[in-house]
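**Q** Pasting the sequence and the predicted model now:
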Amino acid sequence: MVFIRFEHDLLYLTLLRILWPEFAYPDVIIILTCLSYYYGGLSDEQLEAAFHPLMDTDDSALQYDDWIKDNVNDLDPHLRSLASLKLTDPHQRDRTIFPMLRYNKAAIDCYLS
């Protein structure tokens, strides 16, 4: 059974009641799951989980650049490269990086993949 995380229970219950047969299609479940994350954002734990595969890829710097491209002017210069990022620093992580990436489509896509 697949669980879809909706931030608004009323929306979920309405869709469940009205469109129940349409939920049987895997494509609809995937789309609704993605939309739920795009609108609800990622939690801190989910963002940490998204960074683990990012660090393991060969093109991690390019992927991180894709994550921050919309906010690059708002970032301090030392946070613009993945190599200088310290996720163990709670101040940097909780006040700068995670709030910026919480609703970032590229970060959410990385988490969902």
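**A** Structure's in. What do you need?
**Q** what domains does the record give for this structure?
**A** What automatic domain parsing lists as the domains of the chain is 9-40, 44-112.
**Q** Touching, residue 96 and residue 80? I think so.
**A** No: look at residue 96 against residue 80 with CB atoms under 8 Å: they stay out of range, at 11.5 Å. Yep, even glycine has a C-beta here, placed from its N, CA and C like the rest.
**Q** any low-confidence regions in the protein?
**A** Residue ranges of the chain with pLDDT under 70: 1-24.
**Q** Regarding it, what is its longest helix?
**A** Taking DSSP state H as the criterion, the chain has its longest helix at helix 26-40.
**Q** Just the C-alpha atoms of it, please, in CSV.
**A** Extracted C-alpha coordinates of helix 26-40, given in CSV (Å, rounded to 0.1, in the frame of the first residue of the first chain):
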residue,chain,number,x,y,z
PRO,A,26,0.1,4.2,-10.4
ASP,A,27,0.7,7.4,-12.5
VAL,A,28,-1.9,9.3,-10.4
ILE,A,29,-0.3,8.1,-7.2
ILE,A,30,3.2,9.2,-8.3
ILE,A,31,1.9,12.6,-9.5
LEU,A,32,0.0,13.2,-6.2
THR,A,33,3.0,12.1,-4.2
CYS,A,34,5.3,14.5,-6.0
LEU,A,35,2.7,17.4,-5.7
SER,A,36,2.4,16.7,-2.0
TYR,A,37,6.2,17.1,-1.5
TYR,A,38,6.4,20.1,-3.8
TYR,A,39,3.8,21.9,-1.8
GLY,A,40,4.6,20.5,1.6
